Each structure stands twice: as structure tokens, then as C-alpha cells.
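A.B. asks: After the sequence you'll find the predicted model.
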Amino acid sequence: MSPAKRRALFAALAKANPEPKGELVYASTFELLVAVVLSAQATDRSVNAATRDLFAHARTPAAMLALGEAGLEGYIRTIGLYRSKARNVLALCRQLLDLHHGEVPHDRAALEALPGVGRKTANVVLNIAFGEPSIAVDTHVFRVANRTGLAPGRNVREVEDRLLAAVPAQYLQHAHHWLILHGRYVCKARTPECWTCLIARQCEYPDKTPAPAAARGQSPAATPPRARTPPKAATAGRGRKAAVRRV
């Protein structure tokens, strides 16, 4: 994809959603970190359902540790892999208290040294909590980057590096949110809704899905493309989500 196409692609996403937000609900950097750890191989909706009560009872590393493994499991039992996640979260809390005075560190190496925290989780925390222009490559970002031709790569690190090099500087801060939301609601894995896509003109995917009218043998012009945007919750935040602050 040419630099001009990339600029046009992100300009279109930015115009439709100038301040994109993730869908995890949290009220502090610590809660954000825990929510992202819990979200591995789980939906944001399932994590929010569990953390609503969890965060009401344990908002700090010390309070989370006080729950114990059985207590924490009781709150997150509906999330996949909850037993291993509970162990990681408690170990993470202990390390925050022992090494970082109970605060989430603003340092990639220190973040990735925390139990249950990999590069993707660190990228999310660095971007959202600390304002760094990092890009977290999840399954949606990986798919959109490859399918559109924006930053094709064979693995998540290769895609991340290529995105960091390809995304125009003015769009880096919000790039991963735009791509995640686009992959989640428009550029879906099985049937991308290409007829609603804001960036269809820039996308280099050769097998674009036709509009439903065209699939029934009608003229595509009979059903003009409509801009598809994420649900309100994806753009405006929900529930008790507040401005991120350090614990």
C-alpha cells in the first residue's frame, strides 16, 4: 500500500471516530492492567461483566491480594482460563507491591516482567495509560493489516513493526484502536462487510464481499454503501470508566 493510501485510510477512520476508545471498563491504570490480562482469549464483554463486581471490592494490588486465589476465582469464573489468570493476577499484584510501590510501572521491560503480561498487554497499557504511540496487535489488527495490505506480516511482531513504520505519525496514537474496532465490527474474519467499509477505496483485498442487494442479483447502486461505525459504547466509553489515573 502506498503512503498516500495509508494517509487516506487513517484520515477516513479518524474523521468517522476522532477519539476512539477501547471497550474494557476501568477506572485506574491498575484496573486497566488487570482487565487486559483477563481479556486474553476472552471477549471484552465477558471481562467487563466479571470486573464490574471485582473492581468494586478490590481496586488496588493489596486489596486484590487479600481476596486470595479462591476469592479472585469466584469473581472471574465466567472468563476463559480463569484459574491460570487468577494466579497471574495475584502474582502480578505481589510484584507491583514488592518492586513498584504498588504502582503500574511506566516502562516496557518492567511491564513485560509482570506475570501474565506480554508485549501486547504492555503495548495497551503504554498507549492508553501513558500516552505512548504503541500498537497492540491482536487478532483483529493482524487481520486488518494483512487483508487490506496496510502492513502485511507473517506474525504479530512483524505486523507491529511494519505498522509502526507505515502509520503516519499524526495517527499513531489512536491507530491500534481504529484497527481493532474496524476488525471487530466491519472487517470481520469470516464475512467482512466490505459494502459498509469506510476504507474500501484504499483496501487492497481482492475478494471484497458484495453488498446483500448485489448478492441477490440486484444492482449494487440500489443499496448505496453506508458508513459503519462501532456501537456507541465503543466510541464513548461505558459504565464507571473514568479518566485513567495512576494507582
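C.D. replies: All right, it came through fine.

A.B. asks: Sketch out the low-pLDDT regions of this structure for me.
C.D. replies: 214-247 (pLDDT under 70).

A.B. asks: domains of it?
C.D. replies: 3-20+135-235, 29-132 (automatic domain parsing).

A.B. asks: Would you check that K120 makes contact with A136?
C.D. replies: Yes - contact status for K120 versus A136: in contact at 4.8 Å, counting by CB atoms under 8 Å. (C-beta placed from N, C-alpha, C; glycine too.)

A.B. asks: Looking at these two now, which is surrounded by more residues?
C.D. replies: A136 (24 against 20; other CB atoms under 10 Å).

A.B. asks: For the closest residue to the more buried one other than its chain neighbours, the count of nearby residues, please.
C.D. replies: In space, and not counting its chain neighbours, A136 is closest to N123: 3.9 Å by CB to CB, 6 or more residues apart in numbering. Neighbours of N123 under the rule other CB under 10 Å: 22.

A.B. asks: Check the one 5 residues further on too.
C.D. replies: Applying other CB under 10 Å, we find 22 residues neighbouring I128.

A.B. asks: who's in contact with the nearest residue to V167 once chain neighbours are set aside?
C.D. replies: Spatial nearest neighbour of V167, excluding adjacent residues (CB to CB, 6+ apart): A175 at 4.7 Å. Applying CB atoms under 8 Å, 6 or more residues apart in numbering to A175 gives the contacts 10, 133, 135, 163, 167.

A.B. asks: Which other helices and strands does the helix or strand hosting V47 contact?
C.D. replies: Element membership of V47 [criterion: DSSP states H and E] is helix 44-57. Taking 3 or more CB pairs under 8 Å, 6 or more residues apart in numbering; DSSP states H and E as contact, the helices and strands that helix 44-57 lies on are helix 29-38, helix 61-76.

A.B. asks: could these be laid out in CSV, adding distance to D44?
C.D. replies: Below are those laid out as CSV (distance: least, CB to CB, whole Å):
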stretch, distance to D44
helix 29-38, 8
helix 61-76, 14
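
A.B. asks: Among these, which comes closest to Q202?
C.D. replies: With CB to CB as the criterion, Q202 lies closest to helix 29-38 of the helices and strands packed on helix 44-57, at 29.5 Å.

A.B. asks: List the buried residues in the longest helix belonging to the chain.
C.D. replies: Assignment by DSSP state H gives helix 82-100 as the longest helix of the chain. Residues of helix 82-100 classed as buried by neighbour count (16 or more other CB atoms under 10 Å): 82, 85-86, 88-90, 92-97, 100.

A.B. asks: Closest one of the residues you listed to L67?
C.D. replies: Taking those together and measuring to L67 by CB to CB, the closest member is L90, at 8.0 Å.

A.B. asks: Please name the residues that touch the closest residue to L97 other than its chain neighbours.
C.D. replies: Sequence neighbours aside, P61 is the residue nearest to L97 in space, at 5.2 Å (criterion: CB to CB, 6+ apart). P61 makes contact with 30, 92-94, 96-97, 102, 247, according to CB under 8 Å, 6+ apart.

A.B. asks: Apply 7 Å and report the result again.
C.D. replies: Taking CB atoms under 7 Å, 6 or more residues apart in numbering, we find P61 in contact with 30, 93, 96-97, 102.

A.B. asks: Same check on I180?
C.D. replies: 138, 140-141.
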